[in-house]
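[1] coordinates only, sequence not included:
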Ligand code: ADP
Ligand code: ASP
Ligand code: MG
């Protein structure tokens, strides 16, 4: 007898036909005695459509964060009800649970919530009654019972965290690709499927834009030490295992993959005093608003006047709020100007193999230069190198870098 958590993403449950197909597949593969917990996303583009709907009221609906969560959580509630009906129709007992009913507790950071505690008592009770338990992904509730969503792609995190809390025997993430690839297979035709990847490298890939897994879900996998199987909803072949260590991969890659993120914006605060506390005043104001900052560069504008430029990137979704905050701080600092560039994108390479391998950065920059692509900002971590470029060139950039590190055999 095994306890299995299976998560199905939006494109896997995009229509009632697809929902019926998911229910049928799960029942076909279920062994007698298996206990199944399903975590599902909203159908197809539902979440985007709900955001558009809110924009009909106010073009910046994230000003009303609690209400955004009230709205967005409805998407997953539709899916759990329909999928549960599908199981019942096919003759198996099932019950749907919202995040709150499943015991998914969060902090109160609306639209970017973090799971703080999982008490899946009801899930255990329903499993014991012989039900397949269908849980709404992407949502939990805070201390006062208000709904809180976990950031875009958050159903991955719901699934892995629930699998960890239930001490599940396995956690499977079903999606519209059949595993994790060396680059987004929608962009790089000959991207290579990985048999496995470590939490460490997958977290960096996800953080840098590989949307197949929400970064926090990989952290949860590592925290609970639960292997995550990323696989296709539409085929039965094995996908990619995300786990602590490599066990079977036969090739020795220097880099594991190329990630890209077109949803970034650059903010430049020009001409701020080059004094202690300036960076702190800008970045603490952003941190207080839960805005993540990336690719920070401070450069000298004028040595005699002792002023400097502060350049950094934020997620496009955070730009309206970030701009308001930075404008205020820049005013106080007597900065010359705040410039915003939205037509930028970030391309990155990831791999633990680049540690102590100094030629890797040069090869990445060489590939971009050969393709005639200018690099605006560079940043590095222990296992990644990222370049900010023009977003119109992102497809070309990802392909050029991929061809450099993964030449056709
Ligand atoms: P779901 O709705 O199932 O959560 P997502 O759209 O969130 O699916 O994630 C799957 C998508 O992630 C794929 O269709 C693919 O385009 C994208 N993706 C980006 N980078 C990668 C990668 N390195 N490997 C696989 N898929 C990737
Ligand atoms: N429905 C949510 C989103 O579109 C959560 C998810 O799909 O994981 O971001
Ligand atoms: Mg997703």
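    Great, that's in hand. On a predicted model such as this, the values are computed, not experimentally measured, just so you know. Ligands and ions are numbered 1, 2, ... in the order given.
[2] so residue 82 is in which element?
    helix 65-89 (DSSP states H and E).
[3] The helix or strand just after that helix pairs with which strands, and in what direction?
    Next helix or strand after helix 65-89 toward the C-terminus (DSSP H and E): strand 94-97. Partners of strand 94-97 in the sheet, by DSSP bridges, are strand 132-136 (parallel).
[4] So residue 237 belongs to a strand, correct?
    No. Counting by DSSP: H, G, I helix; E, B strand; the rest coil, residue 237 is located in no strand; its state is coil.
[5] My guess is it contacts residue 178. True?
    Yes. Assessed by Cβ atoms under 8 Å, residue 237 is found in contact with residue 178 at 6.1 Å. To be clear about C-beta, it is placed using only N, CA and C from the backbone, and glycine gets the same treatment.
[6] Quick check: neighbours shared by these two?
    Counting by Cβ atoms under 8 Å, 6 or more residues apart in numbering, the contacts common to residue 237 and residue 178 are residue 231.
[7] neighbour-wise, which of the two wins?
    Neighbours per residue, other Cβ atoms under 10 Å: of residue 237 and residue 178, the larger number sits with residue 178, 20 against 9.
[8] in the helix holding residue 82, what counts as buried?
    Neighbour-count burial for helix 65-89 flags 65, 68-69, 71-73, 75-80, 82-87 (criterion: 16 or more other Cβ atoms under 10 Å).
[9] How far does that helix sit from its chain's centre?
    20 Å (Cα atoms, centre = their mean, to the nearest Å).
[10] helices or strands up against that helix?
    In terms of contacts (3 or more Cβ pairs under 8 Å, 6 or more residues apart in numbering; DSSP states H and E), helix 65-89 is packed against helix 16-29, strand 35-40, helix 46-55, strand 94-97, strand 132-136, strand 139-141, strand 147-149.
[11] quick one, it and strand 132-136 angle?
    With axes from the mean of the first three to the mean of the last three Cα atoms, to 10 degrees defining the directions, helix 65-89 sits at 160 degrees from strand 132-136.
[12] near ligand 3, anything from helix 65-89?
    No. Helix 65-89 lies apart from ligand 3 when judged by Cβ under 5 Å from the ion; the minimum separation is 12.3 Å.
[13] any idea of the mean pLDDT in that helix?
    With pLDDT averaged residue by residue, helix 65-89 scores 98.
[14] what's the angle between it and strand 35-40?
    Regarding helix 65-89 and strand 35-40, their directions subtend 130 degrees when assessed with the same axes, to 10 degrees.
[15] Do helix 65-89 and ligand 1 come into contact?
    No. If you take Cβ under 6 Å from any ligand atom as the test, helix 65-89 misses ligand 1, and the best it gets is 11.2 Å.
[16] how about the nearest residue in space to residue 406 that is not next to it in sequence, what does it touch?
    Spatial nearest neighbour of residue 406, chain neighbours left out: residue 182 (5.5 Å); criterion: Cβ to Cβ, 6 or more residues apart in numbering. Residue 182 is in contact with 188, 191-192, 194, 256-258, 402, 406, counting by Cβ under 8 Å, 6+ apart.
[17] most surrounded residue in these?
    Most surrounded of those: other Cβ under 10 Å gives residue 258, at 33 neighbours.
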